[in-house]
Each structure stands twice: as C-alpha cells, then as structure tokens.
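1. have a look; sequence and predicted model below, questions after that.
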Amino acid sequence: MNELATDNRPWAVMTHLNPQWIQAMLDKEQRGELLPADDEALGATARYRKEPFDFYIPYLDLLSESGRDLRGDFHRFVFIRASKERLNSIVYADWNRNTRLPLRPYRDRGGNAIMIRERELNRLRMIFRQHHLDFFLGTPVQSLKNAKGRQVRIRLPYWEDKEGEIRRINTKEGQGTASLKVAFLIDGLEKEITFSDLDVNAIEFLDAETQVLLSGKVIENFEREVAVLLGHRFVHRRFRNDADRKAYQAERRREDMPRLRHLLSFADIEMDNDDDHRRFTALMLMCSVMAGDVDASRRYQSQIESWLGDKTALASTATDAYLMTALFVATRAPYLRTAVKAFRNAHPDCPPIISRFINKVRDLRTRV
C-alpha cells in the first residue's frame, strides 16, 4: 500500500477474487501504463484517469507477513482511496469492464458504494492481523440469471408478506444488484411491479430447495446434493441376485429424478472463478449421467476432457482430481479412479469432497 500523507478521502470497500492479479493491474493503473495513447480515447474520464489514488489489499499484506495461505473468502477484499470520479474511472476502465471477473464495490441496501474513513480502516487492519477472518459474500448475482418463473418474496417494507413470480430479471454483475419485474396477486388482480437495483440478498425464493441451493456457498450446496444422489444410485449393499439390484436401482432412479431435474435446471449458473466453473461442470456431468440425459452428458464430458487434455492418467491438482472423478462416473474407466486415488493418497490436503465422491462410487463396475 502506498501511503498518501494527510489524505482525508474515504476508502471504498471493493471485492475481487484474484488479489495478485488485481494488485498488478492497480499498480499499472497508478503508473499510467493502462492509459491509451491519446486523451481523446478516454473521453470525459481523461482528467480523472490521471488522478493519484491509493489501494490496500489485506490478503497480500498479511500473506507477506505470515508466509502462509489464509482462509476462506478473506482474499476478496480490496480498499481504494480515491475521489468518486477516479474510483468510477477505475471500475469502468476497459481493462476492468472487459474481464470476466471485474473489480466491483460492495454496496449497502440502498445501492450505494460502502465507504469508510482512515481510522475505520486502521481498526480493520488490526482485526485482520488478530483474526484471519472467514468472510463470505452471500448469494452470487450469477445465481439469479435463470430465476425467471420462480416464486419469490421481496424483503422490503410493504412487500415482505406478499408472494410473487419473477417475470423478468436483469442482474448487474459487479454491483450485487438486480432489476426485476415481479407479478403479485393484489386484491384478486395480478399486478406486475418493477424493482430497480435491488440488493440480491433481498430476494427470497419460496421453494425451500431453491433457497438452500442459491444461498451461502452455492458450489458446496450442490456438492452435498450430488454426494447424496451418488450414494443412492451406486449403493453399497448386497443383493440376492442381479435382478434385485436392478429393481432397487430403478426404484431409486424414479425417486431421485425430481431432485436431479431440479439440480439440472440450474445448469446455466455462472460461477465466480474458473476453478468453481470447472467443478460445477463436473457436478452437472454427474447429474446428467444419473438422470440419463445422454446429450448433456456428452457435452459436459467433452468439455471436461478438453480441460484435462493428456493428463487423464495423472492428476496434478485437486481440480484435475475433481474432474477425473466426474469423468469416471460417466465413463467407468478404471484408470481414472486409480489416478484420483493416487492423488488423494499423495496429498493429505486433498479436498474431502473428492474422497466422499470416490467412496460413493467405489462399487461402480468399471468398463475396460
């Protein structure tokens, strides 16, 4: 962090998933390396893009001190001290707007960017050093993209006791807000009400399963569901004969099909980073296989195989092992299960969900 003496400007509380990348880009922005060759290309922002600003990334600050990784979503925080115009020039700069995961401000329920004073930031810095806190953003805006037609309740005065159906929704990535049109039944008549720049956390899904899936840590919610369904489909028990086993599996398939269809209805969700995107694709592959959706299974399988390339015999990362697990469920190729087990045994920090998945399918008959 570059200190600016006697600077009374407030700090904007921002978020980005990759602290190293955003540090490099903000360094370049400070040095003017991201400016176009002529001011005309900047238009009205030309003057503000040259204003000095300061920034602070707690994750990297503590990482340099402790020399070890930190927990949870702590790495998301970025603090920027700049004028309102300079801050907007950063947020709407081409290098930020054109990236899939832009730097964006945290906003209050009124839609205003959260700003804090120097003394408040100093208190936070002390807290960050004393407690490596585990922060979480809540419902990702991307989770709402396929919410059209779903029953909701809006957590706003007057509307809290009314239930309605989403007719149109536009999410604003990078702002944590959404504009949506909701149809309510009021005095026996259907009325469509438009809510603009609504905080995503004010939208409550009436369907309990949807609310559970799309609140908190979405990827982990889906993992729990898929693990249960894998246990149902590839049950570890003995049967008197093959006919009994097939009859049992057919019955469980019928019972689980509504849950699988519900999970697959969220297939268009966009995750916040590439790693979660790949994990979610693997989850959708396993759901498609269990649902018997051949076309979707082929599509997801092809995508995963392209990511793995020639690494299918050896997992070098946890993400590789995760993808191979899903690929094993789809192909039943024994070398994939062997590769996942080898990675798990060689890496004590292997994510527990990988072991859980591979244990669920340990009795799955392989195909040579």
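-> Looks like it came in fine.

2. residues in contact with C350?
-> A318, A321, F343, R344 (C-beta atoms under 8 Å, 6 or more residues apart in numbering). The C-beta positions use only the backbone N, C-alpha and C, and glycine is treated the same way.

3. and what of A183?
-> For A183, counting by C-beta under 8 Å, 6+ apart, the contacting residues are G164, E165, R167, E190, K191, E192, I193.

4. out of those, which are buried?
-> The neighbour count (16 or more other C-beta atoms under 10 Å) marks G164, E165 as buried among these.

5. which single one of the contacts of A183 is nearest to M25?
-> R167 (38.3 Å; C-beta to C-beta).

6. not counting sequence-adjacent ones, nearest residue to that closest one?
-> K181 (4.6 Å; C-beta to C-beta, 6 or more residues apart in numbering).

7. surely that neighbour forms part of a strand?
-> Yes. According to DSSP: H, G, I helix; E, B strand; the rest coil, K181 belongs to a strand.

8. any idea of the pLDDT on it?
-> Note for K181: predicted pLDDT of 80.

9. what's the burial count for it?
-> 16 (other C-beta atoms under 10 Å).

10. out of the contacts of A183, which comes closest to N112?
-> Nearest member of these to N112, counting by C-beta to C-beta, is I193, at 22.5 Å.

11. can you tell me the element that closest one falls in?
-> Using DSSP states H and E, I193 sits within strand 189-199.

12. likewise V340?
-> Using DSSP H and E, V340 falls in helix 334-346.

13. my read: the residue nearest to R167 touches K191, true?
-> No. Applying C-beta atoms under 8 Å as the test, K181 and K191 come out as separate, 10.6 Å apart.

14. longest helix in this protein, by number of residues?
-> helix 242-264 (DSSP state H).

15. for E305, see how far away D295 is.
-> Distance, D295 to E305, using C-beta to C-beta, to the nearest Å: 16 Å.

16. all helices of the stretch 201-350 of the chain, in order?
-> Ranges of helices in the stretch 201-350 of the chain, per DSSP state H, counting those that start in this stretch, are 208-213, 218-233, 242-264, 274-291, 294-308, 318-331, 334-346.

17. most tightly packed of these?
-> helix 318-331 (a mean of 23; mean count of other C-beta atoms under 10 Å).

18. quick one: list the elements packing against that one.
-> helix 274-291, helix 294-308, helix 334-346, helix 352-360 (3 or more C-beta pairs under 8 Å, 6 or more residues apart in numbering; DSSP states H and E).

19. adding mean pLDDT and distance to L87, write those out as TSV.
-> Listed next are these as TSV, based on pLDDT from 0 to 100; distance: least, C-beta to C-beta, whole Å:
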stretch	mean pLDDT	distance to L87
helix 274-291	91	27
helix 294-308	93	36
helix 334-346	90	43
helix 352-360	88	38
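
20. dump those to TSV, plus distance to R259.
-> Formatted as TSV, the helices and strands packed on helix 318-331 follow (distance: least, C-beta to C-beta, whole Å):
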stretch	distance to R259
helix 274-291	9
helix 294-308	16
helix 334-346	25
helix 352-360	15
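
21. for L34, find the nearest of the helices of the stretch 201-350 of the chain.
-> Using C-beta to C-beta, the nearest of the helices of the stretch 201-350 of the chain to L34 is helix 274-291, at 22.8 Å.

22. show me how far the closest one is from its chain's centre.
-> 14 Å (C-alpha atoms, centre = their mean, to the nearest Å).
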